[in-house]
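Asker: okay, sequence plus prediction incoming.
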Amino acid sequence: MENLEALTFAMVACFSFLLWRVLYSCWVLPIRAYRKLAINGFSGPPPSFPFGNIAEMKKTKIIESCSSSSTLSNDIHSRVFPYFAQWQKAYGKVFMYWLGAEPFLYIADPEFLKKISSGVMGKSWGKPNVFKNDRKPMFGDGLVMVEGDDWVRHRHVITPAFSPSNLKAMSSMMVETTRSMLDRWTDLITNGKPEIEIEREIISTAGEIIAKTSFGMSFKNGRTVFKKLREMQETLFKTNRYVGVPFGKYMCLGQNLEAERLGKEIDALLLSIIVDRKRSMAENGAAGDQEQQNLLGVLLADRHVDGQKGRALSTSELVDECKTFFFGGHETTALAISWSLLLLAVHPMWQDELREEIKQVIGDGEIDATTVARLKKMEWVMNEVLRLYPTAPNVQRQVRGDIRVDQDSVIPDGTNIWIDVVAMHHDREFWGEDVNEFKPERFKDDLHGGCLSKMGYLPFGFGGRMCVGRNLSRMEYKIVLSLILTRFSFSLSPNYTHLPSVMLSLRPKEGLPLIMKTL
Ligand code: HEM
């Protein structure tokens, strides 16, 4: 009898302790964080436990501002982030909101961002723990997610892999992969099917390019990895999710387990590619041509040559970097190209301008890294497209160590930050009355496109954590677009519906059908 009482007491004590732990981390800690922010004068929509403001975010009506192709509008903020657009009206460009039990500081004011970020080095920023857990199968401990000294080490090892000479070596593979897509388009047109679903085509080609660029598709298992990586992304993002909600993972258990399963399969496949590659490099001495033509080869060759312990990445870190390059690199670039084709379809004058530029600069010569670097107007077009349709539509941070904003306000340690890039790129106050017009020439003599704030244009992020793949992406963009423009002219299909929406990246929800014509 006494034993039973003791057991019951122990069970009740255990249960109470667990309940206290759950309440403490899901309720007490977030409330403390919220109060610390509120003391500093930040307000926002009132949250409810345990969903925070998620219910409101899901039900806020989208303002159908831009659905017909004939009156295509680039005024997209209230379409892609309707809840932020509404809250901005009530609380201004900096406010607090909650994802589940996680308070976030929302920022759409570039001058405020400048103020808080000027004294913070790349290595001192954190990434929200809540996203690190959620996106673990995609990025692991790759460069996008690591922090502190680890981030410095990863960034030092990875940056040289994107050097101009390494990028140059990748350009012929990009030309070849794009040409086979364009040959397919020519066949479709010849067979009387000029309407082509461009977004799907470009994403798949960019996926192939990034897989070859990252770990070399010609190697055993490359193609399987590519298919599984896409499957995992779709599994993670296809349904409603409850990020930040305590135990939210269990609300979409099947989906999360499937992503974990795929993640493990992908890790095992990438590991086998890396082991094969290391073996072949050991057998063949210094890296051969094939090794140099992809990022993994370059990273392995570098490590092979200097072999500095503590600086080089471990095998499991290399696996995470391969996944990071794939997820960070292929969709963002593919969508930049897709949105460009949409805007060029609507502004045929710019198709002609770019064709003329290609003729002047490249003529009958080779399209490669060196020649496309000279396409200045194409650069303006890319900048303008990424302003109107930033394919990375937000940037997130977590504060590590209090940040003093001014005399009487502090952003406390641990605060999650959500930077709304779409809002900043469409802010009339900083860009002027023509903010929603497609005007590539605004970038002619100004890297910031004439924006009144130097922090108002952030397609590749900011500070030390700015996108490490931006030059690769610029080169790929120019190669693919040049090849398309020299072979085809195009217009918008009447079947196109303009519904920009966010699924990690900013994409056309209903795809992008274009009517293609061979030149
Ligand atoms: C148009 C194409 C691209 C866009 C719009 C884009 C956008 C961005 C943005 C906004 C960030 C900053 C994220 C942050 O601060 O939290 C970033 C970081 C990053 N991007 Fe890109 N990216 C593009 C292409 C690529 C490519 C091609 C690669 C690699 C193959 C790549 C790899 C990365 C990595 C590894 C980081 C993390 C950098 C760090 O934290 O040190 N990106 N990108």
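Answerer: Yes, it's here. Remember, it's a predicted structure, so these values are computed and weren't measured experimentally.
Asker: could you use CA atoms for every contact and neighbour count after this?
Answerer: Fine.
Asker: you'd agree Leu299 is up against Thr159?
Answerer: No. Because the distance of 9.9 Å does not satisfy C-alpha atoms under 8 Å, Leu299 is recorded as not touching Thr159.
Asker: neighbour count for the two, which is higher?
Answerer: Ranked by neighbour count (other C-alpha atoms under 10 Å), Leu299 and Thr159 place Leu299 first, with 20 against 12.
Asker: C-terminal to the one helix or strand the more buried one maps to, what's the next element?
Answerer: With elements delineated by DSSP states H and E, Leu299 resides in helix 295-306, which encompasses its position. Taking DSSP H and E as the definition, the helix or strand that follows helix 295-306 towards the C-terminus is helix 315-346.
Asker: and that next one, average pLDDT?
Answerer: Taken as a whole, helix 315-346 has an average pLDDT of 92.
Asker: then stretch 372-380?
Answerer: Mean predicted lDDT for stretch 372-380 stands at 97.
Asker: skipping adjacent residues, who's closest to whichever residue of the stretch 151-300 of the chain sits closest to the ligand in space?
Answerer: Here the stretch 151-300 of the chain gets closest to the ligand at one residue, Arg155, 5.9 Å apart by C-alpha to the nearest ligand atom. In this structure, Arg155 finds its nearest non-sequential neighbour in Leu143, 6.9 Å apart by C-alpha to C-alpha, 6 or more residues apart in numbering.
Asker: thinking again about what came up before, could you tell me the phi and psi values at the residue of the stretch 151-300 of the chain closest to the ligand?
Answerer: In this entry, Arg155 is assigned phi and psi values of phi -60, psi -40 (degrees, to the nearest 10).
Asker: got it, and Ser505?
Answerer: Here is the backbone geometry of Ser505 (degrees, to the nearest 10): phi -100, psi 170.
Asker: tell me the buried residues in the strand or helix carrying Ala13?
Answerer: Ala13 is located in helix 2-23, with elements delineated by DSSP H and E. Of all the residues in helix 2-23, not one is buried under the rule 16 or more other C-alpha atoms under 10 Å.
Asker: after that helix, which helix or strand is next?
Answerer: From helix 2-23 onward toward the C-terminus, using DSSP H and E, the following helix or strand is helix 29-39.
Asker: with adjacent residues omitted, what lies nearest to Met57?
Answerer: What sits nearest to Met57 in space, not counting adjacent residues and going by C-alpha to C-alpha, 6+ apart, is Tyr83, at 5.5 Å.
Asker: follow-up on the earlier one: assign a three-state SS to the residue nearest to Arg155, would you?
Answerer: Remark: Leu143 carries the secondary structure label coil [criterion: DSSP: H, G, I helix; E, B strand; the rest coil].
Asker: how about the one 3 residues further on?
Answerer: Under three-state DSSP, Val146 falls in the coil class.
Asker: pull out the buried positions in the helix or strand hosting the residue nearest to Met57.
Answerer: Assessed by DSSP H and E, Tyr83 sits inside helix 82-91. Of all the residues in helix 82-91, those buried under the rule 16+ other C-alpha under 10 Å are Pro82, Tyr83, Phe84, Ala85, Trp87, Gln88.
Asker: let's see the helix or strand where Ala206 lies as CSV, backbone CA atoms only.
Answerer: Taking DSSP H and E as the definition, one finds Ala206 inside helix 198-215. The C-alpha coordinates for helix 198-215 follow below in CSV (Å, rounded to 0.1, in the frame of the first residue of the first chain):
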residue,chain,number,x,y,z
ILE,A,198,7.5,28.5,-67.9
GLU,A,199,7.8,28.5,-64.1
ARG,A,200,7.8,24.7,-63.9
GLU,A,201,10.3,24.5,-66.7
ILE,A,202,12.7,27.0,-65.3
ILE,A,203,12.5,25.7,-61.7
SER,A,204,13.4,22.2,-62.9
THR,A,205,16.3,23.4,-65.1
ALA,A,206,17.6,25.6,-62.3
GLY,A,207,17.3,22.6,-59.9
GLU,A,208,19.4,20.6,-62.3
ILE,A,209,21.9,23.4,-62.6
ILE,A,210,22.2,23.9,-58.8
ALA,A,211,22.5,20.1,-58.3
LYS,A,212,25.3,20.0,-60.8
THR,A,213,26.8,23.2,-59.4
SER,A,214,26.6,22.0,-55.8
PHE,A,215,27.6,18.3,-55.9
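Asker: elements contacting the helix or strand following that helix?
Answerer: Per DSSP H and E, the first helix or strand lying C-terminal to helix 198-215 is helix 222-237. Here helix 222-237 touches helix 136-139, helix 198-215, helix 253-284, going by 3 or more C-alpha pairs under 8 Å, 6 or more residues apart in numbering; DSSP states H and E.
Asker: dump those helices to TSV, plus mean pLDDT and mean neighbour count.
Answerer: Putting these into TSV (pLDDT from 0 to 100; neighbours: other C-alpha atoms under 10 Å) gives the following:
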stretch	mean pLDDT	mean neighbour count
helix 136-139	83	23
helix 198-215	87	23
helix 253-284	81	17
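Asker: am I right that Tyr97 is in contact with Ile107?
Answerer: No. Using C-alpha under 8 Å, Tyr97 is not in contact with Ile107; the gap is 10.8 Å.
Asker: return every residue with contacts to both of these two.
Answerer: Overlap between the neighbourhoods of Tyr97 and Ile107 is empty, taking contacts as C-alpha atoms under 8 Å, 6 or more residues apart in numbering.
Asker: re the thing from before, export the helix holding Ala13 to PDB, keeping only CA atoms.
Answerer: Written as PDB, here are the backbone C-alpha positions of helix 2-23 (Å, rounded to 0.1, in the frame of the first residue of the first chain):
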ATOM      1  CA  GLU A   2       2.800   2.300   1.000                       C
ATOM      2  CA  ASN A   3       4.600   1.500  -2.300                       C
ATOM      3  CA  LEU A   4       1.500   2.400  -4.300                       C
ATOM      4  CA  GLU A   5       1.200   5.700  -2.500                       C
ATOM      5  CA  ALA A   6       4.800   6.500  -3.100                       C
ATOM      6  CA  LEU A   7       4.400   5.600  -6.800                       C
ATOM      7  CA  THR A   8       1.300   7.800  -7.100                       C
ATOM      8  CA  PHE A   9       3.100  10.600  -5.400                       C
ATOM      9  CA  ALA A  10       6.100  10.200  -7.700                       C
ATOM     10  CA  MET A  11       3.900  10.200 -10.800                       C
ATOM     11  CA  VAL A  12       2.000  13.300  -9.700                       C
ATOM     12  CA  ALA A  13       5.200  15.100  -8.900                       C
ATOM     13  CA  CYS A  14       6.600  14.100 -12.400                       C
ATOM     14  CA  PHE A  15       3.500  15.200 -14.200                       C
ATOM     15  CA  SER A  16       3.400  18.500 -12.300                       C
ATOM     16  CA  PHE A  17       7.000  19.100 -13.000                       C
ATOM     17  CA  LEU A  18       6.500  18.400 -16.800                       C
ATOM     18  CA  LEU A  19       3.400  20.700 -16.800                       C
ATOM     19  CA  TRP A  20       5.400  23.400 -15.100                       C
ATOM     20  CA  ARG A  21       8.200  23.100 -17.700                       C
ATOM     21  CA  VAL A  22       5.800  23.200 -20.600                       C
ATOM     22  CA  LEU A  23       4.000  26.300 -19.100                       C
END
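Asker: change the start of the numbering to 539 and stick with it
Answerer: Okay, residue one is now 539; in that scheme the one you just asked about reads as helix 540-561.
Asker: done for today, thanks.
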